[in-house]
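> structure here, sequence nowhere to be found:
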């Protein structure tokens, strides 16, 4: 298990390095550069040839790859840069990570717990732990069905952090009673698998 946690940690470190490199590239471009979003999931994959005789690729395929793609797509909806699944989060140390709750993703029967990878734990932003704690308190209120408490918590955070995507997403979710996540199997699940 320790070796697997190290592998997940390396994947998270690589994702942060990729993000930093793209942001550095983008900062030097007058057109704003290229957008980046990363979705990480963990599990067994199959490697093989995909395609026909004249055009084929050697690549990873399977449910884990598909789930990672869906996580990356959820990142756009949530306004994050790097999202990881609960399978990646398990046993991970040394990173600043925010719990975003459970999501029903397109093409997935089983809900996926998502976390935002915000950086390394020792990056030096003293406000991050307090911000994450306040966010997760509001998320816990939403899980309990306390829409007023959750809405107030997210609205307060949105005033202080107006550019934070997940805060805006959940503040809007709490405001609109028609979009409140339903309680399923002991947890509230935000649905991205229905249009």
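Noted; the coordinates are in hand. A quick note: this is a predicted structure, and the numbers were derived from the prediction, not measured. Numbering: from 1, shown residues only.
> does the residue nearest the centre of the chain count as helix, strand or coil?
Centroid-nearest residue in the chain: residue 83, 2.6 Å away (criterion: CA atoms, centre = their mean). Here residue 83 is strand, with the state taken from DSSP: H, G, I helix; E, B strand; the rest coil.
> the domain parsing of the chain - what is it?
Listed by the TED database, the domain ranges of the chain are 1-122, 125-194.
> same question for the lengthiest helix in the chain, mean pLDDT?
In the chain, with assignment by DSSP state H, the single longest helix is helix 2-27. Mean pLDDT, computed over helix 2-27, is 90.
> and it, what does it pack onto?
Contact analysis of helix 2-27 by 3 or more CB pairs under 8 Å, 6 or more residues apart in numbering; DSSP states H and E lists strand 38-40, strand 82-85, helix 86-89, strand 112-120 as its packing neighbours. Every residue, glycine included, has its C-beta placed from N, CA and C.
> ok, 10 Å please
strand 38-40, strand 82-85, helix 86-89, strand 95-104, strand 112-120 (3 or more CB pairs under 10 Å, 6 or more residues apart in numbering; DSSP states H and E).
> chain center to the first one, what's the gap?
Spelled out, it's strand 38-40. Put simply, strand 38-40 sits 7 Å off its chain's centre (CA atoms, centre = their mean, to the nearest Å).
> next one: the second one
For strand 82-85, the distance from its own C-alpha centre to the chain's C-alpha centre is 4 Å (CA atoms, centre = their mean).
> now the third one
From the chain centre to the centre of helix 86-89 is a distance of 10 Å (CA atoms, centre = their mean).
> what's the closest non-adjacent residue to residue 101?
Nearest residue to residue 101, sequence neighbours excluded (CB to CB, 6 or more residues apart in numbering): residue 139, at 5.6 Å.
> where does that neighbour sit: helix, strand or coil?
In terms of secondary structure, residue 139 is helix; the call rests on three-state DSSP.
> from residue 15, how far off is residue 172?
Distance, residue 172 to residue 15, by CB to CB, to the nearest Å: 27 Å.
> neighbour count for the two, which is higher?
Just comparing residue 172 and residue 15: by other CB atoms under 10 Å the higher neighbour count belongs to residue 15, 20 against 14.
> what's the weakest-modelled helix or strand in the protein?
Across the helices and strands of the chain, mean confidence by mean pLDDT, DSSP states H and E is lowest for strand 56-61: a mean of 61.
> okay, now the unreliable bits of the chain?
Low-confidence segments of the chain, defined by pLDDT under 70: 1-3, 45-53, 56, 58-62, 124, 194-195.
> ok, now with 80
The chain contains residues with pLDDT under 80 at 1-3, 32, 43-63, 123-127, 177-179, 193-195.
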